[in-house]
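Engineer: This is a predicted model, with the sequence first.
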Amino acid sequence: MSETKTPEITGTIYTDIETSNREIMRLRTQVADLKRQADEMAEEIRIMKARQYGRRSEKLTSTDIRQGLLFNEAETHSSAPEAEQTVETVRITKTVYTRRKAGRTPISAKLARVENVVDVSDEEKKVDEGYELVRIGEERGEQIHEIPQKYIVITTIRPKYLKRRIAGGTAIVPESKASEFLIAPVPERILPRSIATPSLLSSVLTGKFCDGLPFNRQERIFARHGLEISRQDMANWAMAVAGKLSDLMAMLVKELLSSSYLHCDETYVQVLDEPGKENSSKSYMWVMTSSEGGRKVILFRYSRTRSAGFISSFLDTYVGYIQTDGYAGYNDIGEKQGVIHVACWAHVRRKFVEAHEAASGMGFAIEAVNLIKKLYDIERTLRALYFGEEGKEPDYEAFARERVLQVQPVFALLDAWLTEKAQAVLPSSALGKAIAYTRSLWPMLIRYVECPHLTPDNNEVERAIKPFVIGRKGWMMSGSPKGAFASADLYSLIETAKANGLEPYFYLRYVLTTLPTLASDALSSLLPWNVDPADFEKLTIEDARLSLNSVGIF
């Protein structure tokens, strides 16, 4: 009878079980990793669907607000009455606006008016003997009439004279003919050899750089009116005008860099024929804004790359606050002596809204959104209190002190919430990324309270950059680097004029009309905050004179 080798069999079974357990653990880990990756991909898909098909606004529904209160102890125990838990879009501007009343907006008093009296006939006015017809009032109604676009060719005639001596009844032409000729000098013009007047130039430039109308579309419009003006002509005009405005642009740059605070952002632009670059590659338009002492500046600067070196070099001498988004390229600026870098709460809030959408509304992201909303509620209330009353001198110091007192408790709640959730949330999830993003910028996010001119976000410059982004959808690209530089200058001048309450067409026309005859030491009078809109009236008078003259009334 053979011996049973129990130890050997047992050892083999033990080894197999150990291997199986390791394999099971490996598979479980792999399944967990795959599940985590699937969850992350599902979040990304929900975010992309929300961006593609969802609401563009980040406004939250009442369900979102209520759900946030279920999780948010700080909100639940707030002393604020329930009526204040309103649903609204988070937006702060430096001027507090009141809601417009319902009904049709009155027609602007700036428009010219012609009275058209529609009366009853003379036959109807006849009354029987013993009666009289008394006018007791009138009814008025207004409609807007458009006079179709009209182009007039101005022919400049300069009579030429020859001074000659008469001897014995015979005219004698002097030997030096040139010295005896007499003719008026050519009038000073912004583009001396061009067929375009300041009126046409202003129309073309505001068409593209204000209204987003590309030169090729304007070319077709001109053709319908019988004018052959090519897109190349218009592009050349734009670059030539920008060159004439270089000194005025230098003054805008100086004004911007002298401000105590700036907003900064950038967006891409495609530029053809860039040396050393493919035509399909991206270049960038940087935008900076400031608004101090009633002087608002919006400045566009072109760069072939998004490199931080460009903006760092441009702001090399700047001292003050600079508010940006979280792009790492701005970090070098924030480390410069005298520069205080401030981050943007709107970008932070956007990431938590995306995390809320990624989790299909079943997560903690709404808690952060509600806490951030408190910062905006405080900002809106205090700005209305300190700056909302017309004619009242702004008290920036009192506003700054009160703002610090009210936002510090909210900062503390947010900081505690971020610390707590960072330990409980998967770092690679949408919420985890939002938390990490916020914590990385925290010191810069809370700095806006140091400057009373700053708000929690960088939306001022994002609103300033929007006309460029909308226009880019139409004209799509710049034909050359020179064209991109010219575009930056023209966008700067037009958007700055709009920001200072000037109609861009008439402002640009006024500048192009006045500049050729203006002394160099008086150039600052053309800066938008130094221009009186009443000065535009003589331009409309000139239009009326030319229009009437063209039909033979004068």
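Structural biologist: Sure, I can see it.
Engineer: quick one, strands of this structure?
Structural biologist: Chain-ordered strands for the chain, with DSSP state E as the definition, fall at 160-162, 165-167, 170-172, 181-183, 261-271, 283-292, 295-303, 320-323, 339-342, 477-478.
Engineer: for the shortest one, packing partners?
Structural biologist: Applying 3 or more Cβ pairs under 8 Å, 6 or more residues apart in numbering; DSSP states H and E, one finds that strand 477-478 makes contact with strand 261-271. Where you see a C-beta, it was placed from the backbone N, CA and C, and this is true even at glycine.
Engineer: Return the set of buried residues in the strand it packs on.
Structural biologist: Judged by neighbour count using 16 or more other Cβ atoms under 10 Å, the buried positions of strand 261-271 are Tyr261, Leu262, His263, Cys264, Asp265, Glu266, Thr267, Val269, Val271.
Engineer: In the stretch 401-550 of the chain, where is pLDDT below threshold?
Structural biologist: Within the stretch 401-550 of the chain, the ranges that satisfy pLDDT under 70 run 550.
Engineer: Please repeat the previous calculation with a cut-off of 80.
Structural biologist: Across the stretch 401-550 of the chain, the ranges flagged by pLDDT under 80 are 542-550.
Engineer: I'd like to know how many residues surround Lys244.
Structural biologist: Number of residues near Lys244 (other Cβ atoms under 10 Å) recorded here: 14.
Engineer: So for the protein, the centremost residue is which one?
Structural biologist: Central residue check for the chain by Cα atoms, centre = their mean: the C-alpha nearest the mean position is that of Ala464, 1.7 Å away.
Engineer: For that one, which residues are in contact?
Structural biologist: For Ala464, the contacting residues are His263, Val287, Thr289, Ile298, Glu495, Ala499, taking Cβ atoms under 8 Å, 6 or more residues apart in numbering as the criterion.
Engineer: which among those gets closest to Ala358?
Structural biologist: For Ala358, the nearest member of these is His263. The distance, counting by Cβ to Cβ, is 29.0 Å.
Engineer: any chance you could read off phi and psi for the residue lying closest to Pro187 once chain neighbours are set aside?
Structural biologist: Excluding the flanking residues, the one nearest Pro187 by Cβ to Cβ, 6 or more residues apart in numbering is Thr156, at 7.0 Å. Torsion angles at Thr156 (phi, psi; degrees, to the nearest 10) stand at phi -90, psi 120.
Engineer: Equivalent analysis for Glu146, please.
Structural biologist: Taking degrees, to the nearest 10 as the convention, Glu146 sits at phi -110, psi 130.
Engineer: neighbours around it, how many?
Structural biologist: So Glu146, with other Cβ under 10 Å, has 5 neighbours.
Engineer: swap in Asp247?
Structural biologist: Going by other Cβ under 10 Å, the residues that sit close to Asp247 add up to 11.
Engineer: Run a quick neighbour tally on the residue nearest to Leu426 when sequence neighbours are not counted.
Structural biologist: Once its chain neighbours are removed from consideration, Leu426 has its nearest residue in Gly432; the separation is 5.2 Å (Cβ to Cβ, 6+ apart). If you count neighbours by other Cβ under 10 Å, Gly432 ends up with 17.
Engineer: who's in contact with Gly432?
Structural biologist: With contact taken as Cβ under 8 Å, 6+ apart, Gly432 is in contact with Ala422, Val425, Leu426.
Engineer: Now list the buried members of those.
Structural biologist: Val425.
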